[in-house]
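Q: predicted model follows, preceded by the sequence.
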Amino acid sequence: MTTNPPSKPLALALGDQLAQDFSRAVGDAFSKTFGIDVKTGRYSIGEGAVNLTGDVSGVVGFVQEKLEGTLTTCFNMKTIRAVLPRLLGNDIEITQAVVMDAVGEITNMIFGQIKTELNKRGHHVRFGMPSVICGDGHFISQLHQGRYMIMNFELEGGAIQIHIALHHDGV
């Protein structure tokens, strides 16, 4: 009996395909969970360090053969306070703990869908557990040597920003 060697993973690249994947994942997460339509803005690609700002952010690390990266969702508090009552009802107090739990779940939904889509296409990416950072106007410094893509999304009650940072090792 012969076995086929494992296939080499497809290299993950920033650009139109990944932007479409994220647009679909963010749209699905907000449509299915909150009944909110999301409008995708343009994306931008850059290189090097970048400072992200928000009031609450979800961060997930990921790896692929010869690649590592982070995915970050940045929300302002106005956006979270506008969308959570659509899921929890108007009687629930929107505390910091509720916000952090919700952002962790939203981050998990978006990046879980991305992971599934990428792996179906042969990318073989592995994601870590999301971390949530909270604090009015906090900054996240993404200090890395690779490229990044920033995507902006508008929705009823606010906006979301997603940052994808990639560092290719030896490529």
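A: Looks like it came in fine. Numbering: from 1, shown residues only.
Q: contacts for stretch 80-87, please.
A: Contact with stretch 80-87 is made by 30, 33-36, 55-56, 92, 94, 98-99, 102-103, 155-158, as judged by C-beta atoms under 8 Å, 6 or more residues apart in numbering. Glycine gets a C-beta too; all of them are placed from N, C-alpha and C.
Q: in strands, which of these fall?
A: Secondary structure defined by DSSP state E assigns 55-56, 155, 158 of the contacts of stretch 80-87 to strands.
Q: dump the helix or strand of the chain at the bottom of the mean pLDDT ranking to PDB, keeping only the CA atoms.
A: Here the helix or strand of the chain ranked lowest by mean pLDDT, DSSP states H and E is strand 131-142, holding a mean of 82. Only the C-alpha atoms of strand 131-142 are listed here, as PDB (Å, rounded to 0.1, in the frame of the first residue of the first chain):
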ATOM      1  CA  SER A 131      -7.300  37.200  23.200                       C
ATOM      2  CA  VAL A 132      -9.400  40.300  23.900                       C
ATOM      3  CA  ILE A 133      -7.900  43.700  24.700                       C
ATOM      4  CA  CYS A 134     -10.100  46.400  26.300                       C
ATOM      5  CA  GLY A 135      -9.600  50.000  27.200                       C
ATOM      6  CA  ASP A 136     -10.800  53.300  25.800                       C
ATOM      7  CA  GLY A 137      -8.800  54.300  22.800                       C
ATOM      8  CA  HIS A 138      -6.200  51.600  23.400                       C
ATOM      9  CA  PHE A 139      -3.400  51.100  20.900                       C
ATOM     10  CA  ILE A 140      -2.200  47.800  19.500                       C
ATOM     11  CA  SER A 141       1.300  48.000  18.000                       C
ATOM     12  CA  GLN A 142       1.800  45.300  15.400                       C
END
